[in-house]
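**Student:** Need the 3D shape of this:
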Amino acid sequence: LRDRLRTPKDAFLQSRASLQVSVMTAAAAGAVTIFPFMPWGRAMGLTELPAVYFLGLAAVSVLVRCTAISLKQQFIRHCGTFLV
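**Tutor:** Okay, here's the model as predicted:
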């Protein structure tokens with residue numbers, strides 16, 4: 001997130017991570033998410049998260065992105081430049 005805030009571009013629409021970083025992040029998030037649904041996850045006492053958790057997670061993610069973009073735009077308007 002820090003690197004996305006340092007660029008003057010719209011961090012979530014005009015700037016992207018490398019393919020390798022994106023693939024590894026998605027793979028890690030997917031593995032951690034499905035782990036409780038696997039037999040060995042249940043054997044370890046893990047339980048599935050309800051669907052409402054994932055909706056909440058998505059909502060928080062969108063709010064963080066919108067807040068970061070909004071604050072960066074306000075800062076640029078106030079200071080005239082992003083990197084001071």
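
**Student:** State the distance spanning the first to the last residue of stretch 36-52.
**Tutor:** Start-to-end span of stretch 36-52 (C-alpha to C-alpha, to the nearest Å) is 16 Å.

**Student:** Tell me the buried residues in that stretch?
**Tutor:** Across stretch 36-52, burial judged by 16 or more other C-beta atoms under 10 Å covers no residue at all. From N, CA and C alone the C-beta is placed, and that goes for glycine too.

**Student:** Got the confidence number for residue 11?
**Tutor:** We have a pLDDT of 64 for residue 11.

**Student:** again, but for residue 55
**Tutor:** Per-residue pLDDT puts residue 55 at 96.

**Student:** Can you tell me the element it falls in?
**Tutor:** Per DSSP states H and E: residue 55 is located in helix 51-79.

**Student:** list the helices and strands that helix packs on?
**Tutor:** Using 3 or more C-beta pairs under 8 Å, 6 or more residues apart in numbering; DSSP states H and E, the elements in contact with helix 51-79 are helix 2-6.

**Student:** what comes up buried for the helix or strand following the helix it packs on?
**Tutor:** Downstream of helix 2-6, the first helix or strand assigned by DSSP H and E is helix 19-34. For helix 19-34, a neighbour-count test (16+ other C-beta under 10 Å) marks nothing as buried.

**Student:** And stretch 66-84, by the same measure?
**Tutor:** For stretch 66-84, the neighbour count (16+ other C-beta under 10 Å) marks 68-69, 72 as buried.

**Student:** how near is the residue nearest the centre of the chain to residue 42?
**Tutor:** By C-alpha atoms, centre = their mean, the chain has its centre lying nearest to residue 61, at 5.8 Å. With the distance defined as C-beta to C-beta, to the nearest Å, residue 61 ends up 27 Å from residue 42.

**Student:** What of residue 72?
**Tutor:** The gap separating residue 72 from residue 42 is 43 Å, by C-beta to C-beta.

**Student:** How about residue 57?
**Tutor:** From residue 57 across to residue 42, the span is 22 Å (C-beta to C-beta).

**Student:** Contacts only, for residue 17.
**Tutor:** When contacts are counted by C-beta atoms under 8 Å, 6 or more residues apart in numbering, residue 17 touches residue 25.
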